[in-house]
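Enquirer: structure, please.
(one chain, ligands or ions: 2)
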Amino acid sequence: MHYRWLPISDIPVQGREFYFTGEQEWLAICAENNLDYEISQGMTAELGVFPQKHGVYLKGSIKGRVNSPCCRCLEPGVVNIDHQFELFEDFEETQAEQTGAGILKFENSQWMINIRQVISEQLQLAMPDKILCGSECLGLCPVCGENMNKGLCRCGSVSGDPRLAVFRQLKIKNK
Ligand SMILES: [Zn+2]
Ligand SMILES: [Zn+2]
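Expert: Numbers count the residues shown, from 1 in each chain. Ligands and ions are numbered 1, 2, ... in the order given. Purely as a prediction, here's the structure:
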């Protein structure tokens, strides 16, 4: 597993590639950033780190699947991730912000980079705002909480589902 913070001076000018694979790596990425994602097996990320005079250039990709509950019905949902990214982190801007929790930090008179933070931020960017089990998800009944994808709930029949209303009328006519 990669170290959390790396001195940028350890990375050659021509750049260095980092690979993120394996369960432990992803568990660490999610835990450090309080991400409530369940990463499927086989999730991979590549990150190229290229030190520049005034900052660091980052380029990479994330591919794989994330399991997360559907926001409508709470059943398991799957998100396919295929995300490419390219960004530049500026030393001067980082120093001006002084947030201390970002991708770069200046410590013991050298610049350090948190490569797992890069991947975590990009993974969050790649995730949709709303995770659905399917685009047609009907969600839960607002009255009884039943999963509407699994069929009609009881209160649906009481409040007059149009399809059931037809049956009710038929019953009346039969009498
Ligand atoms: Zn759903
Ligand atoms: Zn209901």
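Enquirer: give me the low-pLDDT residue ranges for the protein?
Expert: Counting by pLDDT under 70, the chain contains low-confidence residues at 1-2, 98-101, 156-175.
Enquirer: which stretches in it count as strands?
Expert: For the chain, the strands defined by DSSP state E occupy 5-7, 16-20, 38-39, 44-51, 55-69, 76-90, 104-107, 110-114.
Enquirer: would you map out the domains in this protein?
Expert: Domain assignment of the chain by automatic domain parsing yields the ranges 5-126, 138-175.
Enquirer: how about these, which one is nearest ligand 1?
Expert: domain 5-126 (3.2 Å; CB to the ion). (Each C-beta comes from the backbone N, C-alpha and C, glycine too.)
Enquirer: does ligand 2 sit close to that closest one?
Expert: No - legend: contact between domain 5-126 and ligand 2 by CB under 5 Å from the ion is lacking; minimum distance shown is 12.8 Å.
Enquirer: now do the end-to-end distance for that domain.
Expert: End-to-end distance of domain 5-126 (CA to CA, to the nearest Å): 23 Å.
Enquirer: so what's the gap between that domain and the chain middle?
Expert: From the chain centre to the centre of domain 5-126 is a distance of 12 Å (CA atoms, centre = their mean, to the nearest Å).
Enquirer: what's the nearest residue to Glu92 if we skip its chain neighbours?
Expert: Sequence neighbours aside, His54 is the residue nearest to Glu92 in space, at 6.7 Å (criterion: CB to CB, 6 or more residues apart in numbering).
Enquirer: the one you found: neighbour count?
Expert: When neighbours are counted by other CB atoms under 10 Å, His54 registers 10.
Enquirer: okay if I get the strands of the chain as JSON lines plus distance to Val143 and mean neighbour count?
Expert: JSON lines is the format used below for the strands of the chain (distance: least, CB to CB, whole Å; neighbours: other CB atoms under 10 Å):
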{"stretch": "strand 5-7", "distance to Val143": "52", "mean neighbour count": "15"}
{"stretch": "strand 16-20", "distance to Val143": "45", "mean neighbour count": "15"}
{"stretch": "strand 38-39", "distance to Val143": "30", "mean neighbour count": "17"}
{"stretch": "strand 44-51", "distance to Val143": "43", "mean neighbour count": "18"}
{"stretch": "strand 55-69", "distance to Val143": "21", "mean neighbour count": "18"}
{"stretch": "strand 76-90", "distance to Val143": "23", "mean neighbour count": "14"}
{"stretch": "strand 104-107", "distance to Val143": "51", "mean neighbour count": "16"}
{"stretch": "strand 110-114", "distance to Val143": "47", "mean neighbour count": "18"}
